[in-house]
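Participant: sequence first, then the predicted structure:
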Amino acid sequence: MPSNDRERRDREAELASNLSAVNDRMQRKLLTYGNPPDVDRIPESVWTEFRQEVQEAVARTAIVAYLYALATMPEATGVAIDSARFEVEAELWSKNQASKVADEYVAHTRQRLAEIVPEVRAVQAGPAADIRRHPSFDAMLGPTRAETVASTEVTNGFSHGETDYADSATQQLDEPFVMMGFWVTERDARVCPICAPLDMLPQPRYAVLFPKGPPAHPRCRCWLRWMKIRRDEIPF
Ligand SMILES: [Zn+2]
């Protein structure tokens, strides 16, 4: 277990809760356009506002995860760097990342909604005529989706913060030493076929596929371990 496990869980819970609140508001708003909603009557401003709320929720937690990860690095690397140096980078990265996540989140919601409305409309009566009973309605705007995004983006924040710090730490080390990340999986039965072969791979190997480390996929539970090693001893 990584030492930041507690912080990771707290940040995930925070973002999942904030995104769930955004989802709930959006569910209620969509239902004001009918049940099932008349997609053509939903003004663009509803989607713009939804996107803004998702982005703000993600950015708020992502920057905290990034900065927390930085704060663990002096001890993990043995190299002290003034963290004020990373404040602008933290701000930029979290905004940019949150913007990408929000774009995907909204695009997916719009697409799923457009797909399920005709299915619900085809049902004349009974519980299935209520879009809230459609399994995809909860999948697109329910707590599970909020938890998936929360877990993935907190992992992203940790990996980016740690990697940015380690890059700067390497510049302060005397040749031939470098700070090297190693990919660590949870090594239990739930480790997926994507992550299993990544276990203990050094940075030059995993970075080919995932430049900043985990997550390798949504809900990836992997993390990075940092070691000061000699450049000529990088294991392959
Ligand atoms: Zn993983």
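Facilitator: Okay, I see it.
Participant: low-confidence ranges in this structure?
Facilitator: Applying pLDDT under 70 to the chain flags residues 1-4, 236.
Participant: near the ion, which residues of it show up?
Facilitator: 195, 216, 220, 222 (C-beta under 5 Å from the ion). In short, each C-beta sits where N, CA and C put it, glycine included.
Participant: ok, and the closest non-adjacent residue to the third one?
Facilitator: In space, not counting the residues next to it along the chain, C220 is nearest to P214; the distance is 5.0 Å by C-beta to C-beta, 6 or more residues apart in numbering.
Participant: wait, is that neighbour part of a strand?
Facilitator: No: counting by DSSP: H, G, I helix; E, B strand; the rest coil, one finds P214 to be coil, located in no strand.
Participant: what residues are up against it?
Facilitator: Residues near P214 by C-beta atoms under 8 Å, 6 or more residues apart in numbering: 155-156, 158-159, 183, 195, 220, 222-224.
Participant: list the buried residues in the helix or strand containing R28.
Facilitator: For R28, the host element (DSSP states H and E) is helix 5-31. Judged by neighbour count (16 or more other C-beta atoms under 10 Å), helix 5-31 contains these buried residues: 7-8, 10-12, 14-16, 18-20, 22-23, 26-27, 30.
Participant: and the furthest pair within those residues?
Facilitator: E7 and L30 (34.5 Å; C-beta to C-beta).
Participant: still on that earlier bit, got phi/psi on the residue nearest to C220?
Facilitator: According to degrees, to the nearest 10, the main-chain angles of P214 amount to phi -60, psi 150.
Participant: how about JSON lines for the contacts of P214, with neighbour count and secondary structure added?
Facilitator: Shown next, in JSON lines, are those (neighbours: other C-beta atoms under 10 Å; DSSP: H, G, I helix; E, B strand; the rest coil):
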{"residue": "T155", "neighbour count": "25", "secondary structure": "helix"}
{"residue": "N156", "neighbour count": "23", "secondary structure": "helix"}
{"residue": "F158", "neighbour count": "28", "secondary structure": "helix"}
{"residue": "S159", "neighbour count": "25", "secondary structure": "helix"}
{"residue": "W183", "neighbour count": "25", "secondary structure": "strand"}
{"residue": "C195", "neighbour count": "21", "secondary structure": "coil"}
{"residue": "C220", "neighbour count": "23", "secondary structure": "coil"}
{"residue": "C222", "neighbour count": "24", "secondary structure": "coil"}
{"residue": "W223", "neighbour count": "25", "secondary structure": "strand"}
{"residue": "L224", "neighbour count": "23", "secondary structure": "strand"}
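Participant: just give me the closest of the residues you listed to P127.
Facilitator: C220 (36.2 Å).
Participant: which ones are touching that closest one?
Facilitator: Applying C-beta under 8 Å, 6+ apart to C220 gives the contacts 152, 155, 194-195, 214.
Participant: what about the residue nearest the centre of the chain, which SS state?
Facilitator: Residue closest to the average C-alpha location in the chain (C-alpha atoms, centre = their mean): E153, at 1.5 Å. Reduced to three states with three-state DSSP, the structure at E153 is helix.
Participant: alright, that wraps it up for me.
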